[in-house]
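> everything below, folded, please.
(2 chains, ligands or ions: 2)
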Amino acid sequence: MIKEFRLPDLGEGLTESEILSWKVAVGDTVALNQVIAEVETAKAVVELPSPFAGVITALHEQPGTVVEVGKPIVSFEVEGDDGGPSAGGPAQAETAKREPNLVGYGAIVEASGRPTRRARTFAAPAAATAAAPTGPPVAERVAERVAEPAAAPVVEPADIRAPAETAAATPGGERPRSTPPVRKLAKDLGVELTAVAGTGAGGLITREDVQNFVGGGHPAAVAVAGAAPAAGIGSVTQGERETRMPIKGVRKLTAAAMVSSAFTAPHATEFLTVDVTPTMELLARLKASRAFEGFKLTPLTLVAKALLIALRRQPSLNSRWDEANQEIVQFNYVNLGIAAATPRGLTVPNIKDADRMSLTELSTALTGLTETARAGKTSPAELSGGTISITNIGVFGIDAGTPILNPGEAAILAMGAVRRMPWEYKDEVALRQVMTLSLSFDHRLVDGEQGSRFLADIGAILADPGMVLAMV
Amino acid sequence: MFTDELGQGGIPAGGPGDSAGHHGGAGESLVQLITPGGERVSHPQYDAWVQDVSDEQLGFLYEDLVVIRRIDTEATALQRQGELGLWPPLLGQEAAQIGSARSLRDDDFVFSSYRENGVAYCRGVDLADIVKVWRGNASAGWDPYTVNMATPQIIIGAQTLHATGYAMGIQNDGADSVAITYFGDGATSEGDVNEAMVFAASFQSPVVFFCSNNHWAISEPVRLQSHIRIADRAAGFGIPSIRVDGNDVLAVMAATREALERARHGGGPTFIEAVTYRMGPHTTADDPTRYRDANELEDWAAKDPIARVKGLLERKGLLTGQFEARVAAKADAVARELRAGCITMPDPEPLDIFKHVYSTPNSWLDRQEDHYSRYLASFGDPAGAHSEEGAR
Ligand SMILES: Cc1ncc(C[n+]2csc(CCOP(=O)(O)OP(=O)(O)O)c2C)c(N)n1
Ligand SMILES: [Mg+2]
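Numbers count the residues shown, from 1 in each chain, chains lettered A, B, ... in the order given. Ligands and ions are numbered 1, 2, ... in the order given. This next block holds a predicted model:
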């Protein structure tokens, strides 16, 4: 009878392998475990030992082809039913029928759309094995042992692994089919899965289905202005002990953006506490100077400037991970996002080409941006295309936190409150103005080294603005 | 700079006639009784520990070595054929496993890592049970108490604590059995192993720490893990140690017997460093050519644990055609049985997951089991209800 050998998962959780060469040809007689092919996986080049003793009847794939796990690669004509003492037997056939279920990939989705179950299998118990452990010392023990009969009985494979009947569809009441991470996403976004049409295999609801349901596939801040009916507060029924509000608008989009960011970009956050007294002194001098008359200068203005200067030395923090195209996009411009708390919720409008601005231009842009955001008039264009962001949690009296990246960006800096604190100054403890900086970055794009250098540079500028001379 | 007379420091492979005493200047610290060329060399202290090993028994040791290498190659093939998810080869470490395991008494208890499948064979573990976990059919392959060997530990070094705890129990029982724990060179960097050694020394527990120094912890070479010889670490804990040629089945046996005797008679723990080499990949999912030099493998191939016993048997005139045929037949039979047991292994039932979690009833788990069996029953398949009664 003809037996097929399907490409197994040769590593832990591999989906494909490349056939490098065949060591056999059609018509060759091969022995069990004889090397028949050389295959390269993502992990190693390995030799494939033949699972059967028999004659090769077909090689299904050419050398150089990348083959999916589970595809037949070679067929054998095998003697009799079980192809000799060690041939595959029922388990082999069963394996061949089975879809590969790779490590870490979760359960296979049954094509029928409903789980099927296999009947219990009974195989003949394997024959008792090698000599039982013997006593001490080896003298007596080994002496006791008699040469075993040459051949241990071979278990006759008995196949009763036929799949059990596929349960007839039960009417109603069934949970929509999805996977735990997607259910979690849906729950986080407040999406009822019953309302979502699944496009995956067997009607499975995928991550994309949920995201598309929420709106726009990419639930980035971009979408905020587009959707956004008055958000947040829904109808409040008097006297209830809890208030239930529909999740919609900015809240919903913010949630989607945060979830998508938090679960696609591996975040790393670093903190640096800096004596910013020299920057605060500089700020006071600038405010008092003629050149800045009429401009609104705040610590944020100077932190933004410091960030823009530091960014030139660490451009990887101004980049984007393009999963679809498998590319890293390095921006040669900076659209600086500023997280703004607005009556409608959080928005992150950005200042286009902030890196080319003078301090007065930056100050004007910042003032304009915050005023527009507070008035709820931010345009979609102002919300899209950001490359890096700042969030000023200091205005709420907070020191530090782990900011979540604005989706599509590689870094976000949170500036903490400026506090008067005892601090080491010129070898003594003095009351100084101190600020904590928190930097989150996408660890796919930015290594600890670049992130740390970037944060250290910003800190160095704020601790001693004269350092800029050494950096630009 | 730390050099290793067995090749780590770049010293050429020992040819026939080489004995440990001629390597690297510190050779006397490495116990060797059979040279790579198959010559029996005498050792003032350790000869006595194996003088009872007859020619016939030497033949059986050889058979064991061949058989477990065969188990290993068959399991590796089964993995390549999609029958096992993963397999951690023991190729090259046969003598360390056979020499030690064949020194144990039935009532001694083994706590091993994933790599001691040759030890499991010696303990009498069913061949199919050895591969059960690697096939994904169970979370543990056998009942430890039927063979006095715990199921292999994947968490590096954790088994050393289990062994020490068990050994403290032996002390409480007033018994004279011993716990032996097997672990790798890499494991000695783990806190668990160090804690186990502290306890074993403090309580002078009857435990043997058997470290198979196969020179690699996945892709990390031993020289990065330890700036001194691993055996020398034991002194810091107040535990006597011995460094033995792990590719020499007789030397390993001598060292293990000495350690077991010490433990049985209230002498406390011993640390054995068996210096050997992982000739294959870390697991079937690994490609060692990406991180190690082919020359190293060649050097160690010249010190093969099986070839040297074969050489010794030949010198003694014991390597007859009949003997070789017997060994080959045994290896073939074991391989056939392993394969048959593997590929005809029944799939586990869903509710099997609840078995062997706790030894006594647990309401929290019972509740989960109840929920799960009702969930299974909702498929209208009697299998769920059927196996429910079988659980626990
Ligand atoms: C506590 C723990 N850390 C890490 C791992 C991952 N791991 C698996 S095998 C291994 C290397 C172990 O090397 P060694 O102790 O020398 O044993 P060998 O594999 O060489 O036999 C590591 C780090 C693990 N299983 N458990
Ligand atoms: Mg190791």
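
> is residue 74 in a helix, a strand, or coil?
Reading this off chain A. The assignment at residue A:74 comes out as strand when based on DSSP: H, G, I helix; E, B strand; the rest coil.

> um, chain B though
Using three-state DSSP, the secondary structure recorded for residue B:74 is helix.

> excluding its backbone neighbours, what's nearest it?
Spatially, and ignoring its direct neighbours in sequence, residue B:74 is nearest to residue B:335 (4.3 Å; Cβ to Cβ, 6 or more residues apart in numbering or on different chains). For glycine as for every other residue, the C-beta is placed from the backbone atoms N, C-alpha and C.

> what about that neighbour, which SS state?
Put simply, residue B:335 is helix when judged by three-state DSSP.

> just the helices in the stretch 1-150 of chain A please.
A:89-97, A:138-144 (DSSP state H, counting those that start in this stretch).

> average pLDDT for the first one?
Throughout helix A:89-97, pLDDT has a mean value of 39.

> apart from its neighbours in sequence, what residue is nearest residue A:292?
In space, and not counting its chain neighbours, residue A:292 is closest to residue A:286: 5.1 Å by Cβ to Cβ, 6+ apart.

> for the chain, which residues score under the pLDDT cut-off?
The chain I'm using is chain A. Counting by pLDDT under 70, chain A has low-confidence residues at A:81-174, A:216-239, A:344.

> to clarify, I was referring to chain B.
B:1-28, B:381-392.

> outline the domain layout of it.
B:16-343, B:350-386 (automatic domain parsing).

> output these in a markdown table; the columns should cover mean neighbour count and distance to residue A:246.
A markdown table is the format used below for the domains of chain B (neighbours: other Cβ atoms under 10 Å in any protein chain shown; distance: least, Cβ to Cβ, whole Å):
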| stretch | mean neighbour count | distance to residue A:246 |
| --- | --- | --- |
| domain B:16-343 | 21 | 45 |
| domain B:350-386 | 14 | 32 |
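
> which one, of those, ends up nearest to residue A:205?
Closest to residue A:205 of the domains of chain B, according to Cβ to Cβ: domain B:350-386, at 19.8 Å.

> circling back: which one of the domains of chain B lies nearest to ligand 2?
domain B:16-343 (3.5 Å; Cβ to the ion).

> quick one: that closest one near ligand 1?
Yes: applying Cβ under 6 Å from any ligand atom, one finds domain B:16-343 touching ligand 1 at B:113, B:115, B:154-156, B:183-187, B:214, B:216-218, B:278, B:282.

> phi first, then psi, for the residue in the stretch 251-392 of chain B positioned nearest to chain A.
At 3.1 Å from chain A, residue B:287 is the closest residue in the stretch 251-392 of chain B, using Cβ to the nearest Cβ. Phi and psi for residue B:287, reported as degrees, to the nearest 10, are phi -130, psi 90.

> what residues are up against it?
By Cβ atoms under 8 Å, 6 or more residues apart in numbering or on different chains, the residues touching residue B:287 are A:43-45, B:281.

> kindly recompute the last result at 6 Å.
Shown in contact with residue B:287 (Cβ atoms under 6 Å, 6 or more residues apart in numbering or on different chains): A:43-44.

> who's in contact with the helix or strand residue B:122 falls within?
If you go by DSSP states H and E, residue B:122 is part of helix B:117-123. Contact with helix B:117-123 is made by A:130, A:133, B:68, B:90, B:94, B:97, B:101-102, B:112, B:130, B:147, B:149, as judged by Cβ under 6 Å, 6+ apart.

> same thing with stretch A:427-434?
The contact list for stretch A:427-434 (Cβ under 6 Å, 6+ apart) reads A:275-277, A:280, A:418-423, A:425.

> of those residues, which belong to strands?
Using DSSP state E, the subset of the contacts of stretch A:427-434 located in strands is A:275, A:419-423, A:425.
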